[in-house]
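S.K.: Below is the structure, and that's it, no one-letter string:
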């Protein structure tokens, strides 16, 4: 398990993160106030949207105003680069200088670092963050397609080898099979690191199910909108909380091959809903990968039992 502020990832249930994507200080503060009146656990500041993002002093001033609004929620600080779907470009030097200025301030609980940066510079910043108790979310985003199963697994494992606290990967599916590729890869990596949280999601309408039922496959946190979304396919935070209250389950991973599933409810009817949910995926054209079987679900080489 890993903490982001007071929020524990890898504990029971899927945690919810709401991104803030305002461009002005007022927009950001207003959006933060809205987010902090929702059932989210973590607020992500997407600083690449901010009009003064290239000024570290302006970022610190903004964070000092955000901090009292959080009401105990954790803050994840993210500059999403242009190459991975972000709003602004930034040099490698400026990127890590910014992060290293922010880490010791106590104003951020976690920072997002993209996987494909200069390795030596990245490792130095990660070591610095760990000294100051700041959690590292290491990320990779593919807004164009879905890499192969092997590539997804290897990238998530590579993030762990770089000492990331929370590996994160997002892909853009074009078929139901793409969604299943991500879910199976997530389950495989979770089985290798059963005590460590990971975050994965498939974006867009096809990937919506991964935002609502990802914990079944090992996902620790999902991203939801409270106004403007930061990525395609994000569900409204209140609607997502309602879905999670009904369907949220945690997979228990054993030897990389088998999972038991603990339902968040003792209502067998709601457990049946989970089987029905995966049955919907199967009926959409990927029946060769997914089937409901009695009190369980079979997806590819993985078997899941309900109860």
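M.R.: Sure, I can see it. If you're wondering where the values come from, they're calculated on a predicted model, not measured in any experiment. Numbering: from 1, shown residues only.
S.K.: right, and residue 188 touches residue 154 too?
M.R.: No. In this structure, residue 188 is not within contact of residue 154 by CB atoms under 8 Å, at 10.7 Å. For glycine as for every other residue, the C-beta is placed from the backbone atoms N, C-alpha and C.
S.K.: Neighbour count for those two, which is higher?
M.R.: Set residue 188 next to residue 154 and count neighbours by other CB atoms under 10 Å: residue 188 wins out with 23 against 14.
S.K.: Surely that one is in a helix?
M.R.: Yes. The assignment for residue 188 is a helix, going by DSSP: H, G, I helix; E, B strand; the rest coil.
S.K.: if I pick the nearest residue to it once chain neighbours are set aside, what's in contact with it?
M.R.: Distances taken as CB to CB, 6 or more residues apart in numbering put residue 153 closest to residue 188, at 5.5 Å, once the chain neighbours are dropped. By CB atoms under 8 Å, 6 or more residues apart in numbering, the contact list for residue 153 reads 185, 188-189.
S.K.: What strand or helix carries residue 153?
M.R.: Per DSSP states H and E: residue 153 is located in helix 149-161.
S.K.: Please pull up the helix or strand immediately following that helix.
M.R.: strand 166-171.
S.K.: Tell me where the model's unsure across this structure.
M.R.: Along the chain, the model assigns pLDDT under 70 to residues 229-233, 248-307.
S.K.: counting residues per strand, which one in it is longest?
M.R.: Determined from DSSP state E, the single longest strand within the chain is strand 135-142.
S.K.: What residues of it count as buried?
M.R.: Of all the residues in strand 135-142, those buried under the rule 16 or more other CB atoms under 10 Å are 135-142.
S.K.: same check, this time on stretch 34-54
M.R.: 35-36, 38, 40-50, 53.
S.K.: gap between the two ends of that stretch?
M.R.: End-to-end span of stretch 34-54 (CA to CA, to the nearest Å): 25 Å.
S.K.: how far does that stretch sit from the chain's center?
M.R.: Counting by CA atoms, centre = their mean, to the nearest Å, stretch 34-54 is centred 15 Å from the centre of its parent chain.
S.K.: picking up where we left off before, for the contacts of residue 153, which one is nearest residue 209?
M.R.: Residue 209 lies nearest to residue 185 out of those, by CB to CB, at 15.3 Å.
S.K.: Checking the closest one next. Helix, strand or coil?
M.R.: When classified by three-state DSSP, residue 185 comes out as helix.
S.K.: And for residue 113?
M.R.: Using three-state DSSP, the structure places residue 113 in strand.
S.K.: and it, what are its bridge partners?
M.R.: For residue 113, the beta-bridge partners under DSSP bridges are residue 138.
S.K.: Please report the distance of it from residue 168.
M.R.: To residue 168, residue 113 is 10 Å away according to CB to CB, to the nearest Å.
S.K.: any shared contact partners between the two?
M.R.: Contacts common to residue 113 and residue 168, judged by CB under 8 Å, 6+ apart, are 137-139.
S.K.: Residue 47 and residue 72, how far apart?
M.R.: From residue 47 to residue 72 the distance is 21 Å (CB to CB).
S.K.: Over to residue 10?
M.R.: According to CB to CB, residue 10 and residue 72 sit 19 Å apart.
S.K.: picking that back up, of residue 113 and residue 168, give the one with the bigger neighbour count.
M.R.: Neighbour totals were compared for residue 113 and residue 168, and residue 168 leads with 25 against 22 (other CB under 10 Å).
S.K.: The more buried one contacts residue 189, doesn't it?
M.R.: No. Applying CB under 8 Å as the test, residue 168 and residue 189 come out as separate, 11.6 Å apart.
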